[in-house]
Each structure stands twice: as structure tokens, then as C-alpha cells.
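Chemist: Dropping a prediction and its sequence here:
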Amino acid sequence: MVSYMDYTSPSTQYTYDVNQSPLFIKDNQNYINVLGVKQLNTLENVSLLDIFLSTNNVVEPHYHQNAAELVYCISGSATVSILNPFTKKIMNYTITPGQVANVPQGWWHYEIALVDNTHLLAIFDAPTPEVILGSDILKFTPANIMSHTYCLDENQWNQVIAPVKPSTYIGPYNDCNQGSEISPDRYVSQQYQQPTPQYIPPYYPTPYVPNFLRYW
């Protein structure tokens, strides 16, 4: 419990319909609902995103500056890709119903649905899931800064990012004419494999008994 909450007040909320709280809607198969302290005022350090995706749709690259994220697969299948800032490598974890992938706070990541009717639950250890989106970074960082910093042609950079829409959330866009799809098998084959744990028998040290100790 928290000291600032009046648990006897009629305005205190103990239940909420997450279906009534859309964060982003691409279409009727790809959308995200949100539950945080703004929706349910008795929440403390927990919030969630209810994510629905069809095949090859991507929750765009992003990071959460205020929380870690536990991604739980309810139905379908998705690959959760995480950039490890220490190894500088992308780790790909394919999850199916009942499986989870954990994204530490502030780590760059994204999710791609491998099949239709994929349903993910993203759980956060914060009352509101704050986010920095890749589309916003691309769109709002001045082109002259990008070109100067990374030795790019500014006009070409502007052309490259022209199709990017702020706060994309779920891509690709419905009007995208790229004409290519990402093969789900590609993500399965690149999945980061955890080493198989080996059984290590417990070690029970022999108690040290000094030579001079007598037993009576």
C-alpha cells in the first residue's frame, strides 16, 4: 500500500477493463492496450501492455527508460530481440504460449510476430510504462546533426527517413510499398541459444574439527 492513497474513497479503483484503454491501433489485428496508474489508481510499481499482432508485424525498436519489461506469450509466437549493451550483440528469443523473455531497463529491443493471432503481455515494474521509440529518434533528431555526426549526406538522410512516421509503435505501415516480408524462419534460425544447464551435485564440506577438541 501507499501512504497517499485513501483506500476508503469512492474514487479508489480496484478493477479496470483493459479493452477500453487503447494505446495504439494499427488495424483490428494489430493494436496495443495499456494499463497503468492513470487507468487503475491503486496500482503501485506495476503496469502492462496488452499486445495483439499478426504475422510479420513488429513492435518497433524502442527502450523503456523507467522500467524492465517481462514479455509473456499468451497465444501465437513471437521473437523478442534485445540489444545487449555490454556484448554489443542482438539476442533473439522466440517465445510461444507460457514462455517469457525479460528485457532489462533501458535496453533497446523489439518484437516480431511469427504467426497470426499472436497475443503478448508486457509487464513492467513501474506504475506507467514510459518509452522512447525508434521512429521518434529518427524523425526528431535534426538531419544536420545526423549527417555531421555519422558523416552522412544530409539530403540522402532526409530521403531515407521521409517515410518514417512519428510514434509508429507497430510496423510496417499499411501503406508501405516495400514489397518484401520478413521470414519468420529467419528469426527462429538466429535465435540465441542458452547453454544447456549441467547438473552439478551439491558439495557438502567436511566440518573442520581441531585436533585438541575432546568429546565427553
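Modeler: Perfect, I can see it now.

Chemist: Do you have the strands of the chain handy? List them.
Modeler: Taking DSSP state E, the strands of the chain run over residues 22-27, 30-35, 47-53, 58-63, 69-75, 78-84, 89-95, 100-103, 109-113, 118-124, 132-133, 170-171.

Chemist: okay, which residue is most central for this structure?
Modeler: Geometric centre of the chain, nearest residue: E69, 5.4 Å, by C-alpha atoms, centre = their mean.

Chemist: you'd agree that one is up against F124?
Modeler: Yes. With contact defined as C-beta atoms under 8 Å, E69 counts as touching F124 (5.7 Å). C-beta coordinates here come from the backbone N, C-alpha and C atoms, glycine included.

Chemist: buried sites along stretch 100-110?
Modeler: Within stretch 100-110, the residues scored as buried using 16 or more other C-beta atoms under 10 Å are A101, V103, W107, W108, H109, Y110.

Chemist: Repeat that for stretch 118-128.
Modeler: T118, H119, L120, A122, I123, F124, D125, A126, P127, T128.

Chemist: quick one: which of the residues you listed is nearest D175?
Modeler: T118 (22.4 Å; C-beta to C-beta).

Chemist: From I32, how far out is the closest one?
Modeler: 12 Å (C-beta to C-beta, to the nearest Å).

Chemist: who touches both of the two?
Modeler: F52 (C-beta atoms under 8 Å, 6 or more residues apart in numbering).

Chemist: And the lowest mean pLDDT element among the helices and strands of the chain?
Modeler: helix 184-189 (a mean of 49; mean pLDDT, DSSP states H and E).

Chemist: Grab the nearest non-local neighbour of the residue nearest to the centre of the chain.
Modeler: Nearest non-adjacent residue to E69, counting by C-beta to C-beta, 6 or more residues apart in numbering: V103, 4.3 Å away.

Chemist: quick one, what contacts the one you found?
Modeler: H64, A68, E69, L70, V71, V80, I82, H109.
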